[in-house]
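Trainee: sequence and predicted structure are below.
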Amino acid sequence: MTAVESAVNGQRQGEVPEDIMQAMEAKDKAMRESLAKSLNSEYQNETDILEEALNAEEQNSTLYTSFALSKFGSGETGNETEILLKALTSENGNVRVAAAMALGEKKEKAVVDPLMGILMRDYPLTKYSAVMALGEIGNERAVDTLMTEMKNNEKDYIRSSAAVALGKIGAEEAVPYLTERLRDTKAAVRSNAALTLGRMGNKSAVVPLIDVLESVKEAEGRRKDTVNTNADIRKSVVLALGGIGGTEATEALTGVLNDNEETLEVRVAAASALGNIGSPEAVSTLRTTFDNQSMNTGIRNGALLALGKTKNQETAGFFVEKLGDKDFGVSAREALIDMGEPAVDPLIENLATKDQKVKDETAQILIEIGDLRAVKPLIRAYQ
């Protein structure tokens, strides 16, 4: 997408939408939890510390390193990284897993080749950890190996993790391979491939992503793809379309938003995706959705929050009008605080309201935004 196209679509060039990043982080967490569960099944109480490290919200190398060195490091010479490299050759599979995860969190580019070597010869759980580690390191030398694993590995969890790793590296050459994985036999692989395509923002993925949405409908000469009825796949696809943007993506997302047969979760995600695109057409759709009082309240609220992503004074004025609303006042408040500077002038004007409760809330929002332009108007409003 060119800089001009990005401006037209309301997206800042090179910026990955927050909801895509949050979804990717959730995928990361789920992969680590899956690995921890598999280790527990295989090793029982032997891997408690390693499982704790994998399940931790905040990831760092400390617990992984501690586990690996406690099982392997005695008598070994060299610095920590050198010992962890040696631990990759341990006879104990859980030590190799811990060493790979530790080296990934350390982002040691020098260990890319040994980690790729694991993918050539090791058992599945160690391969799983090596793929995750290569994604964390983010070195382009791993791209070809990861593409091969994503395409050919018989384990769906390795194909899934390879898709995520390629997204972290930002490997544009992987786009055709990721597009192909939208037809994988497993839902998790399709979902991860879709999110990664959205993270990369390559416009060539738009039509294949739309095809995923359309494939659940009966059509002449085409069988219904029941795998793509999976809500997680569909949510990933709509978020991806929001990350890429453009007219075709906007039209497809509008269709999802207005589809009464679609799940609530996916329709709310479509609203968020339209907010990420931020084009006049997307904003108009979101305004229409919010104004439709027969629409589900959750979807209207999603449309309201999505409008907040556009961050301009016109939208800020729209949110100011919703302060005090019993259904949408809280969302309006959050959106105005998130907007920051563009919301200041409309909020200052709203200090003149006769509704004391709304006036107090307006003042509190201005204080939270912290723009110095609001200081004198706030003093005058309460003299």
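Mentor: Structure received. Not measured: the values here are computed from a predicted model.

Trainee: what bits of the stretch 201-350 of the chain have low per-residue confidence?
Mentor: For the stretch 201-350 of the chain, the stretches with pLDDT under 70 are 220-221.

Trainee: how about the helices in it?
Mentor: 206-214, 231-244, 247-257, 264-277, 280-291, 297-307, 313-322, 329-339, 344-350 (DSSP state H, counting those that start in this stretch).

Trainee: can you redo the ones you listed as TSV with distance to residue 222 and mean neighbour count?
Mentor: In short, each C-beta sits where N, CA and C put it, glycine included. Output for those, formatted as TSV (distance: least, C-beta to C-beta, whole Å; neighbours: other C-beta atoms under 10 Å):
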stretch	distance to residue 222	mean neighbour count
helix 206-214	9	19
helix 231-244	17	27
helix 247-257	17	21
helix 264-277	21	25
helix 280-291	28	19
helix 297-307	29	22
helix 313-322	40	18
helix 329-339	40	19
helix 344-350	49	20
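
Trainee: figure out which of those is closest to residue 158.
Mentor: Residue 158 lies closest, by C-beta to C-beta, to one member of those: helix 231-244, at 18.4 Å.

Trainee: what helices or strands is that closest one leaning on?
Mentor: Applying 3 or more C-beta pairs under 8 Å, 6 or more residues apart in numbering; DSSP states H and E, we find helix 231-244 packed against helix 18-43, helix 187-200, helix 206-214, helix 247-257, helix 264-277.

Trainee: and of the helices of the stretch 201-350 of the chain, who's closest to residue 108?
Mentor: Residue 108 lies closest to helix 231-244 among these, at 29.7 Å (C-beta to C-beta).

Trainee: quick one: the closest one to helix 280-291, angle?
Mentor: Following axes from the mean of the first three to the mean of the last three C-alpha atoms, to 10 degrees, one obtains 130 degrees for the angle between helix 231-244 and helix 280-291.

Trainee: distance from the chain centre to helix 231-244, please.
Mentor: Helix 231-244 sits 10 Å away from the centroid of its parent chain (C-alpha atoms, centre = their mean, to the nearest Å).

Trainee: how about the closest residue in space to residue 224 that isn't next to it in sequence, phi and psi?
Mentor: Once flanking residues are discounted, residue 224 sits nearest to residue 218: 5.3 Å by C-beta to C-beta, 6 or more residues apart in numbering. According to degrees, to the nearest 10, the main-chain angles of residue 218 amount to phi -70, psi 140.

Trainee: before we move on, back to that, same list (the helices and strands packed on helix 231-244) but as CSV, adding distance to residue 51.
Mentor: Below are these laid out as CSV (distance: least, C-beta to C-beta, whole Å):
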stretch, distance to residue 51
helix 18-43, 4
helix 187-200, 21
helix 206-214, 34
helix 247-257, 38
helix 264-277, 29
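
Trainee: which of the ones you listed sits closest to residue 238?
Mentor: Closest among those, using C-beta to C-beta: helix 264-277, at 4.6 Å.

Trainee: how far out from the middle of the chain is the closest one?
Mentor: Its chain's C-alpha centre and that of helix 264-277 lie 13 Å apart, by C-alpha atoms, centre = their mean.

Trainee: same question for stretch 356-376.
Mentor: That offset, for stretch 356-376, works out to 32 Å (C-alpha atoms, centre = their mean).

Trainee: could you do stretch 330-340 as well?
Mentor: Computed by C-alpha atoms, centre = their mean, the chain-centroid distance of stretch 330-340 equals 21 Å.
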